[in-house]
Structures are given as C-alpha cells and as structure tokens.
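Participant: Take a look and give me a structure for this.
(one chain, ligands or ions: 1)
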Amino acid sequence: MPSRELRSLPPTPTLSQPVHRQRHHLLPPLAGGIAAAASLLILFTFCFRKISHKKTVPSSDSESNKKPPHRFSYSSLRRATSNFSPALRLGQGGFGSVYSGTLKSPTSNNVSVAVKVMDSGSLQGEREFQNELFLSGKIYSKYIVSTIGFSSDKRGRRMLLVYELLSNGSLQDCLLHRKCSELKDWKKRYSIALDIAKGLEYLHHFCDPAVIHGDIKPSNILLDDNFNAKIGDFGLARLKSEDQVEIEVKKESPVGGNGVVEDNGSVAEETESVSVVTVNGFEEFHRGVEQSPESVVIGVELSPEAHVVSPRTVADMVSPSEGIEKTSLSEGIFDRSSIDSGIEIGDKKSGVKKNKKKKSVTGKDWWWKQDTGGTDSGVVKDYVMEWIGNEIKKERPKTEWIGASSSSGVVGKTEKKKHKKRLDWWVSLDDEKNVKKEKRRPAREWWKEEYCEELARKKKKKKKQQGGIGSVSDDCHSDSWWPRDDELYADRKKKRSRSRSSKSSMDWWLDGFSSELRRARKNSYDSASGEIPKSGGISSTPSMRGTVCYVAPEYGSCGDLSEKCDVYSYGVLLLVLIAGRRPLQVTGSPMSEFQRANLLSWARHLARAGKLLDLVDQSVESLDKEQALLCITVALRCLQKSPARRPSMKEVVGMLSGDLEAPQLPVELSPSPPSRFPFKSHKKVR
Ligand SMILES: Nc1ncnc2c1ncn2[C@@H]1O[C@H](COP(=O)(O)OP(=O)(O)OP(=O)(O)O)[C@@H](O)[C@H]1O
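Facilitator: Have a look, this model is predicted:
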C-alpha cells in the first residue's frame, strides 16, 4: 500500500528538478538568440565581404581561377631567364626588355613565363608596374594575359613583372614583321578580332568598375600556340570613375543604332589597399579595406624588404573620387597632362591654365587633322610627326637623345648627320630660349626636307640611268610635293607587289624613327641579332595618353579616357588586322601612295567609293567577303568622331558574332545612294 501510494504520488521534487524545468524553459529563447546572433554574424560577414571585396570583381566563373600575383626572388627570375640572356629576349617595349624563362618547381611542372624587366625611375614605368600588379590579382579572363608575379632587384632599380608566356608573341610582330603564315587564313584573323573584342567586353562590362585599357594596339595583343588572342600591357589602364558614370547617365545617348543600351556597371565606393603576406616563401597580394598603418609600407620603392606596392598609389587607382582629383590636379600616377601630347590641354575642374604654347593644335584641330587625311594628308602627317617629336622631347632627357643620335651605327655618315640635325632640333626645344625661335620654323619643313631629299636621290638615280643629270629643288620647295588627287590610284598594283625589302625611304624613315626611339630608351636594338623587333613604325608608346594613331581623338585632345577610347583604338586595330599594315605607312614609291598612307582616311575613302574590300590584305587566303565587309563596317563605326556614336564593346561582340543585326556604315561614309551592305545571313560565330 505504501508502495502504491508512493507510486501514485507525484515524484518528490528534488533540488535538481526545478532547475531542469527552468532550463527547459530557457532553451527556446536561448536557441533563438543564438540563431539570431548567428544570422546577424552571417549577414554582417556577407555585407562586410561585399563592401570590402566589391571592386573590379570578375564574373563568378573566373573567380576560382584568379590567383594573386606572387613575389618572386630576383635570383629565381635571373635563373629562369639564364641571367636575362639576350638569346631569350622576346621583344623590346618602351620600358624594358621582355625575356622568356622557365620557372622550375620541385613539386609541380615547370612553368614557362615571360619576364618584363623595367628600369625604375620613370613615372610611366612605375605606373605600368603598379597598374599591372593591381589589376592582375583582380581580373581574370581567357582573353587577358595573366600576370603571374613580380620582383625587384635588391636596390629596387629594376622592377620585374612575370606573365604567362604566349608562344606566338605579339600580333604586331606576327602580322607585320614575321608575317606568320597562319595569319594568312582569314578565319584566324577573324577569330583574333573577336577574341580582342571579347577581352574588351570583359574589361568594360564584366569588371566593376569597368577597366579601360587605354593602349589597345597590336603590340599589346599576344597570341598563344593556337593564335588565340589575349590583351596584355595594362600600364596605361584605368578604372572607370564615378564621375564618368554620372556623365554617361546624364547623356543617355543611344549608341550604335542597334538599340542596345550600354551597361556601365556600378562604381567603386570603398578604398581598397593591397598588402602582401608571406605564404610558402612567396609573398602574395591581398585586398582589404584600409589596411592598418602597420600592415602597409608607404613608398614606391620595391626592395625585397618593402613587401607592399605603395598603397597610396593603389588607393589612387581604386578610389574614383581621388582618381579624378589626381587627374585634375595633374600630378601623381594619374597625371594626364605632365607627359601629355603637347596639345592644348585644359583642366576644367582645377582651372589650371591651358597649355597655350601649342596654339596651332587645338582639340578641334587634332580631330580634323587626323580625320581628313584624304583631303589634307600633308597636314595629317605633319601633325603626327610633330606630335611624336614633342612626345620624345618631353619623355627623354637631352643627354639620351644626344647619345642616341651619336650611337647610331646603322646609318651612313650623311644620314647620321641628318639624324643629328633632326634630333638637335628636338633637343633644342628643351632650351626655353630657343622655343620661340624654333616655333617659327614651319612644322612641316623638316620632314618635308626628308622626303625631298629622297625624291632628289631617286630622280638623280633615274637620270643617271638615263644618262642625264637633274635637280628636284623646285619640287622640294613648293607645296606641290604633296600628291594630287589624280595621282591617287596610279601605280597601285605595282606597289602592292613590292616586297618589304624594297622599302622607300619614307618607310625607312618611319622604321628608322622607331629604332631611334628604341635606342633613345637605352635599349639598343641589334638588328643583326635576329631578335624579334619591337613594334615597328611609329606604333610605340611615346605618351601616357596611349599610342599615336591608336589614341582616340577626344582623349588625344583634352577629353577623359572612357571605354569609347578603347573602342576607337579597337577600330584602328581592326583595320590594321584586316589590311595587314600599319595605320600610317608609306611603302611604295612616293606620290601615289600618300593617300593610302593613312589607313583610316583610306578606309573612309574606300567606303565612300563603295570599294571596301580593296582594303583587305592581299595575302589573305580563303577570304569570307561578307565577314570582311562586316569587320570593316564595325571598324568604321568604332572610328566615329563622336564617342557616343561608337558602339559599345558588347555591341561589337554582338555584331561580329552574329548575335546582333549587321551594322550599317556611318551615314557620312555610305556610298551614294546610302545602302546597307549585302550581308546575307547573320552567322553565329563561336
Ligand atoms: N607574355 C608574353 N609572351 C610572349 N611575348 C611577350 C609577352 N609579353 C611581351 N612579349 C613580347 O615582348 C614585346 C615587348 O612587350 P612590351 O609590352 O614591353 O612592349 P610593347 O607593347 O611592344 O611596347 P610599348 O611599351 O610601347 O607598349 C612584345 O611586343 C612581345 O613581342
């Protein structure tokens, strides 16, 4: 009984039981609290990552492939390139040589690399170095050359960048110097055009903020084993600024005529910095929001001890507002006018006084002179040459030029004298006192003389052959030296069959100029060594505003660098690719070649004449005429004066790949009566 009672009785409360019940009561709110805290933490982490990790984020699929650049020891790169052996030299850029090398790894496969060695000390070289490093950790695309790492020698005098090796070198070299037989295949050229367009589309539309390359040209396009093209050399690249986006939104101008609205992406709000931490003996770059002062080293020197690329500079590049300010203040890494083209430059924001020294070349003139080669080619050429002269004058100290002129071993005695004379003229411009005096000299004169001398030589030779002696002085000192319209088509066939070896002196002049540039940059080019020469002609980078003939007119005068500047450069490149020649080139005997000398004017002229296919390189095999017309039309659209009228790179890709309707020629270039080119179908390419 007692036991039954006991059983029926409720269990005697013990000390522990109420606590247990209390705990049961506490559990739900506790769990809720923990869950809330956890979700808050997750949310916070997510937001934090989003803010700190936001800028220049590539598309998600490429995220996994992105690797921060390594810091290599200088000795390992020296070993990899057999002590920077001349035999391994791939080419010569404006800021140093590029060598091929093999990085040996005990654990994984050996890696073939290209090592660019740059002397520190030049603002542009350092800018290129830092730009490349900053962007390399952030952008990844199969259409962009990957930067693997960097290094510097102990004293920080040499800066080295390590890239993936692209076995077929640059498009410039392949197309214009080596004349690779693979590029005779039209399909290859077309796919190269499309690769480059996709690379630019990636930079403009898939990076946030958009990356503007700023120096699109054939020597910055590299080709892999299968001649797939990749965009390299981000030395002049910029991130799109907030102000630019705002301006574009305000303009809201329709582009292209295909009804596609350009997606400009959003804009950076945070200031990022870059730090390096040591991982497995290599320093790696890491992004982060405002590193603590201890974690960063301020300064540009890149000695092995200074593990960090100047955060100030990197921040300048990332922060849109700062970037803009830098620009308007004309200082720092984004200095736009200090090494500018000598063209009238105005700084609207800061009110900095315009460069009035070059009154003759206003922003308007720039376009007009570049654009009207067909009707005033002399001015175009004068202008280009004058511009180059100014660029060189600004970029190189006097002594280098004097050295360069005297060190020339290629030319004969008289030619040496001429070089000296010409260089002296440039050098003398450094002298403030001489500036006014020299300016009175007509810009055209010195290269007109060059041309006249060549004419004289030719005539002499011809007369000698005919048994007479003559003079051409009249031709030289009147303005009739420039071609007349009726001479334009004469001798064309003959010229086309001319081989490269039989270059005219004008071509020599252009090439010779390029060699001078190389020599002046203290990178002696040994033509006998059989090495691959740097970009020929005048397509080197003499300016921080890009390359002559490739730079967009609005940027060449006084405008901002925008995606549309890249679009313009792409247009020039496309014409070069199709025509298989430089944008400014005189190949045959003088007069009749001059209208063709300026590729852009020539293309426009052919468009008006309804003879666009005449532009195509005659060595091209299996030409798809429809595609060729499409490419030239796209190029001419990209080359329109008004940036707003140029298509976006997204549109270009759409047009070239057949996703968008085939474009029409700009109205002003349409043959009369205006008609659409007879594109049969919109074939889908790749
Ligand atoms: N990753 C690479 N793989 C193979 N060859 C390369 C690579 N990078 C550069 N080169 C070669 O080295 C040459 C010099 O390149 P670099 O970028 O220094 O100068 P550039 O573009 O020719 O001239 P600039 O300095 O005027 O832009 C190129 O033309 C190319 O032939």
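
Participant: residue ranges with poor pLDDT in this protein?
Facilitator: The model of the chain has pLDDT under 70 over residues 1-24, 47-67, 120-124, 242-458, 465-545, 556-558, 586-594, 672-686.

Participant: and whichever strand or helix holds residue 162, which strands flank it?
Facilitator: The secondary structure element spanning residue 162 is strand 158-164 (assigned by DSSP states H and E). For strand 158-164, the pairing partners within the sheet under DSSP bridges are strand 111-119 (antiparallel), strand 147-152 (antiparallel).

Participant: quick check, the last one touching the ligand?
Facilitator: No - Strand 147-152 stays clear of the ligand (C-beta under 6 Å from any ligand atom), getting no nearer than 9.0 Å. C-beta: built from backbone N, CA, C; applies to glycine.

Participant: The first one too?
Facilitator: Yes - contact check for strand 111-119 against the ligand, using C-beta under 6 Å from any ligand atom: residues in range are 114, 116.

Participant: picking up where we left off before, which of the strands paired with strand 158-164 sits closest to residue 161?
Facilitator: Shortest separation from residue 161 across those is recorded for strand 111-119, at 4.5 Å, computed as C-beta to C-beta.

Participant: and the closest one, which residues are buried?
Facilitator: For strand 111-119, burial by neighbour count (16 or more other C-beta atoms under 10 Å) applies to 113, 114, 115, 116, 117, 118.

Participant: Tell me who's in contact with the fourth one.
Facilitator: The neighbours of residue 116, taking C-beta atoms under 8 Å, 6 or more residues apart in numbering as the test, are 93, 95, 96, 97, 98, 160, 161, 162, 163.

Participant: who does the nearest residue to residue 163 once chain neighbours are set aside bridge with?
Facilitator: Of all residues not flanking residue 163 in the chain, residue 114 sits nearest, at 4.5 Å (C-beta to C-beta, 6 or more residues apart in numbering). Assessed by DSSP bridges, residue 114 has beta-bridge partners residue 100, residue 163.

Participant: Tell me if I'm right that residue 114 and residue 90 touch.
Facilitator: Yes - assessed by C-beta atoms under 8 Å, residue 114 is found in contact with residue 90 at 6.0 Å.

Participant: Overlap of the contact sets of these two?
Facilitator: 98, 99, 100.

Participant: can you tell me which of the residues you listed are up against the ligand?
Facilitator: Filtering the shared contacts of residue 114 and residue 90 for proximity to the ligand (criterion: C-beta under 6 Å from any ligand atom) leaves residue 98.

Participant: Nearest to residue 194 among the shared contacts of residue 114 and residue 90?
Facilitator: Proximity of the shared contacts of residue 114 and residue 90 to residue 194, judged by C-beta to C-beta, is greatest for residue 98, which lies at 25.7 Å.

Participant: which ones are touching that closest one?
Facilitator: With contact set as C-beta under 8 Å, 6+ apart, residue 98 has these partners: 89, 90, 91, 92, 114, 115, 116, 117.

Participant: is it possible to export these to CSV including distance to residue 170?
Facilitator: Formatted as CSV, the contacts of residue 98 follow (distance: C-beta to C-beta, whole Å):
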residue, distance to residue 170
89, 13
90, 9
91, 7
92, 11
114, 11
115, 16
116, 13
117, 17
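
Participant: quick check, nearest of those residues to residue 77?
Facilitator: residue 115 (5.5 Å).

Participant: If we only consider the buried residues of strand 111-119, which is nearest to the ligand?
Facilitator: Nearest to the ligand among these: residue 114, at 3.4 Å, using C-beta to the nearest ligand atom.

Participant: what's near enough to touch that closest one?
Facilitator: With contacts defined as C-beta under 8 Å, 6+ apart, residue 114 is in contact with 90, 98, 99, 100, 101, 162, 163, 164, 165, 166.

Participant: number of nearby residues for the last one?
Facilitator: Yep, that's residue 166 we're talking about. By the criterion of other C-beta atoms under 10 Å, residue 166 has 22 neighbours.

Participant: in terms of contact, does it touch residue 144 like I think?
Facilitator: No - taking contacts as C-beta under 8 Å, residue 166 lies outside contact range of residue 144: 11.3 Å.

Participant: quick one: common contacting residues for the two?
Facilitator: By C-beta under 8 Å, 6+ apart, the residues touching both residue 166 and residue 144 are 230, 232.

Participant: how far away is the closest residue to the ligand within the chain from residue 187?
Facilitator: The chain approaches the ligand most closely through residue 93 (1.9 Å), counting by C-beta to the nearest ligand atom. Computed with C-beta to C-beta, to the nearest Å, the distance linking residue 93 and residue 187 is 30 Å.

Participant: neighbour-wise, which of these two wins?
Facilitator: In this view residue 93 and residue 187 are compared by other C-beta under 10 Å, and residue 93 has more residues nearby, 25 against 13.

Participant: who's the more buried one bridged to?
Facilitator: residue 96.

Participant: Distance of it relative to residue 83?
Facilitator: Note on residue 93: its distance to residue 83, by C-beta to C-beta, is 20 Å.

Participant: so how far is residue 223 from the nearest residue to residue 220 once chain neighbours are set aside?
Facilitator: Excluding the flanking residues, the one nearest residue 220 by C-beta to C-beta, 6+ apart is residue 233, at 4.1 Å. From residue 233 over to residue 223 the distance is 14 Å, taken as C-beta to C-beta.

Participant: coming back round to it: which one of the shared contacts of residue 114 and residue 90 sits closest to residue 646?
Facilitator: For the shared contacts of residue 114 and residue 90, with residue 646 as the reference and C-beta to C-beta as the criterion, the closest is residue 98, at 31.5 Å.

Participant: hang on, that closest one is in a helix, isn't it?
Facilitator: No - Residue 98: not assigned to a helix; according to DSSP: H, G, I helix; E, B strand; the rest coil it is strand.

Participant: Around the ligand, pick out the residues from the protein.
Facilitator: 90-95, 98, 114, 116, 145, 163, 165-166, 169-170, 172-173, 219-220, 222, 232-233, 532, 534-535, 540-541.

Participant: which ones are touching residue 183?
Facilitator: Shown here is residue 183, whose contacts under the criterion C-beta under 8 Å, 6+ apart are 174, 175, 189, 192, 227, 580.

Participant: Residue 41: neighbour count?
Facilitator: The number of residues packed around residue 41, counting by other C-beta under 10 Å, is 10.

Participant: Name the helix or strand for it, please.
Facilitator: When secondary structure is defined by DSSP H and E, residue 41 falls within helix 16-52.

Participant: can you list the domains in this protein?
Facilitator: By the assignment in the TED database, the chain contains the domains 69-165, 166-240+547-672.

Participant: who wins for proximity to residue 461 among the ones you listed?
Facilitator: Ranking the domains of the chain by their distance to residue 461 (criterion: C-beta to C-beta) puts domain 166-240+547-672 first, at 11.9 Å.

Participant: Kindly reformat the contacts of residue 183 as TSV containing neighbour count.
Facilitator: As requested, those are arranged in TSV below (neighbours: other C-beta atoms under 10 Å):
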residue	neighbour count
174	23
175	23
189	26
192	23
227	20
580	18
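
Participant: Now render the residues you listed as a markdown table, adding secondary structure and distance to residue 71.
Facilitator: Compiled in a markdown table, the contacts of residue 183 are given as follows (DSSP: H, G, I helix; E, B strand; the rest coil; distance: C-beta to C-beta, whole Å):
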| residue | secondary structure | distance to residue 71 |
| --- | --- | --- |
| 174 | helix | 32 |
| 175 | helix | 35 |
| 189 | helix | 38 |
| 192 | helix | 33 |
| 227 | coil | 32 |
| 580 | coil | 41 |
